[in-house]
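[1] Here is a sequence with its predicted model. Questions after.
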Amino acid sequence: MRPVLIAGGGLTGLVAAERLARGGTPAVVLEGQAEAGGACRSLEAEGYTFDHTGHLLHVQRAETETYLAELGVWERLAIHDRRASVVIGGHTTPYPVQIHTHGLAPEVRRDCLLGFIRAWARDGGSEPADFREWVLERFGDGLARHFFFPYNSKLYRAEPEDLSLDWVGRYVPKPKIEEVVDGALGLHDAAVGYNATFRYPRSGGIRLLPDAVAERVPDLRLGREIVRIHLREKWLELAGGERLEWECLLSTIALPTLLDRLLDELPEEVTHAHRSLRWVRVLNLALGVEGEAPSAEHWLYFPDEELPYYRVGFPSNHGNLAPAGCHTVSVELSLDPGSGDVEASADAAERALVEHGLLDPTSVRVRRLTVIDPAYVVFDHSRRGAVAVLRRFLGDRGVVLAGRWAEWKYSAMEDAVLDGMRAARQVAESR
Ligand SMILES: Cc1cc2nc3c(=O)[nH]c(=O)nc-3n(C[C@H](O)[C@H](O)[C@H](O)COP(=O)(O)OP(=O)(O)OC[C@H]3O[C@@H](n4cnc5c(N)ncnc54)[C@H](O)[C@@H]3O)c2cc1C
């Protein structure tokens, strides 16, 4: 029998392969990069450890905890109470801003509070059609104007009305009016939201997790980029010309990349769906810096349009990631796919950090740039229909899709673990 081929050795592909191996199903993982782990890789340089971009673990399911314990990862994680803030017009206030406006400038605080109260009083129960309407109805025009619209436009490089509501429920908590009023007056400091606490390795970076899974994958082939795929004849080709046939193909590589590699003739509907997929890249500027971190926060959100970054983190505030007396900075910028000068964007970000007192340029010891592409799927109005068409087309041809970018969704590492498990079950049952 031909083996199961798993395209991509990120967390999803690794977990799927590990589970298949446990069940006695031979699987080969083909990973294009020289290291496994995908977006959860970390790199080391001159005593500093940098994740490809900020990666914190939020574990909500007992199944995940059990799995991480089996891998020997769970006991190596420390638990942290989130310290995150939002910076608007130079004023810093705790995250989530909707229940913590007390740190903002008085006129901004007034806008946010009045807007929320007016929206709350209106509460007509109408169904919002897009993200713009949803924010206005739920949070009011002040919070919309000062935070939700500029922040999300900067991150997704899309207008609020172009975004659907398919992603918002889980990630944006709805406050009660008492919480908003107390938050404007500085009367409470409750941390709410889906990530009020998180776990992170006590030492080393987030790669601890994929590395622990990779150790248990019997046939992991690194540096094997898939360049061509023939669905009808069930073979794929690697850079260098090697050809492999499959019994079952489990793909965790990004949907647009997979479709770009297909040699089969594609129906018009599939080509159209493929072309309509939208996403952004993330440029992560990682700095190893001498001296104390300029902030005790784990990370800061920056909605202001004139700043190039949307988030700045200080990962050494939650992990042992820098030599004694030094710290790390992780700066995230959202870029359109395939465009823009990465170096120039990183330089602009560094200048802005210096200008805003977050970086002393003479203390920078290590500087690394990483581009994650794709990084965030843009949930525009055509996404849902396009993904349904593509899933049906690939599913009918025996391709199992699993993971954040293969399923073209928004998800976290815990989801990748669960996706890998589900995909392994699906593959095992189909044989
Ligand atoms: C900016 C950002 C921040 C995030 N922050 C968090 C966080 O704080 N907490 C959290 O839980 N999650 C976070 N995530 C999500 C997390 O990274 C993902 O859920 C998880 O890594 C998905 O794993 P995956 O295996 O599905 O995909 P990937 O990690 O992308 O794995 C796919 C693999 O396929 C390989 N590949 C691609 N093309 C080919 C090819 N042609 N041939 C062979 N191999 C190929 C890639 O090299 C990669 O290794 C974040 C993601 C991003 C982008």
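    Arrived safely, thanks for sending. Just so you know, these numbers come straight off a predicted model, no measurement behind them. Numbering: from 1, shown residues only.
[2] Tell me the residues of this protein that contact the ligand?
    Contact residues (CB under 6 Å from any ligand atom) of the chain with the ligand: 7-13, 30-33, 38-40, 53-58, 225-226, 252-253, 257, 282, 372, 375, 403-405, 411-416. Backbone N, C-alpha and C define where each C-beta goes, glycine included.
[3] Of those residues, select the buried ones using a ChimeraX command.
    Command for ChimeraX, covering only those of the residues of the chain next to the ligand found buried under the criterion 16 or more other CB atoms under 10 Å:
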select :7,8,9,10,11,12,13,30,31,32,38,39,40,53,54,55,56,57,58,226,252,253,257,282,372,375,403,404,405,411,412,413,414,415,416
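[4] The residues of the chain next to the ligand in helices, which ones?
    Among the residues of the chain next to the ligand, the members found in helices (DSSP state H) are 11-13, 257, 413-416.
[5] pLDDT at whichever residue of the stretch 101-250 of the chain sits closest to the ligand, what is it?
    Closest residue of the stretch 101-250 of the chain to the ligand, CB to the nearest ligand atom: Ile226 (3.7 Å). On the pLDDT scale, Ile226 is placed at 98.
[6] and it, what is it in contact with?
    Contacts for Ile226 (CB atoms under 8 Å, 6 or more residues apart in numbering) come out as 7, 30, 32, 236-238, 253, 261.
[7] ok, now which ones touch Leu259?
    Residues near Leu259 by CB under 8 Å, 6+ apart: 266, 270, 274, 390.
[8] Ok, Phe148 next?
    135, 139, 160.
[9] cool, and His230?
    His230 makes contacts with 236, 262-264, as judged by CB under 8 Å, 6+ apart.
[10] Among the residues you listed, which one is most surrounded by other residues?
    Comparing the contacts of His230 by number of neighbours (other CB atoms under 10 Å), Leu236 comes first, having 25 neighbours.
[11] Please name the bridge partners of it.
    Leu236 has these beta-bridge partners by DSSP bridges: Ile229, Leu244.
[12] May I ask you to confirm that it is in contact with Ile6?
    No - contact criterion CB atoms under 8 Å: Leu236 and Ile6 do not qualify, at 11.4 Å.
[13] which residues do these two both contact?
    What both Leu236 and Ile6 touch, as defined by CB under 8 Å, 6+ apart, is the set Leu30.
[14] Would you state the strands of the stretch 251-400 of the chain in chain order?
    Using DSSP state E, counting those that start in this stretch, the strands of the stretch 251-400 of the chain run over 279-290, 299-301, 311-313, 326-335, 364-377, 399-401.
[15] okay, these in TSV with mean pLDDT and distance to Trp120 next?
    Listed next are the strands of the stretch 251-400 of the chain as TSV, based on pLDDT from 0 to 100; distance: least, CB to CB, whole Å:
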stretch	mean pLDDT	distance to Trp120
strand 279-290	98	32
strand 299-301	98	24
strand 311-313	98	29
strand 326-335	98	31
strand 364-377	97	30
strand 399-401	97	41
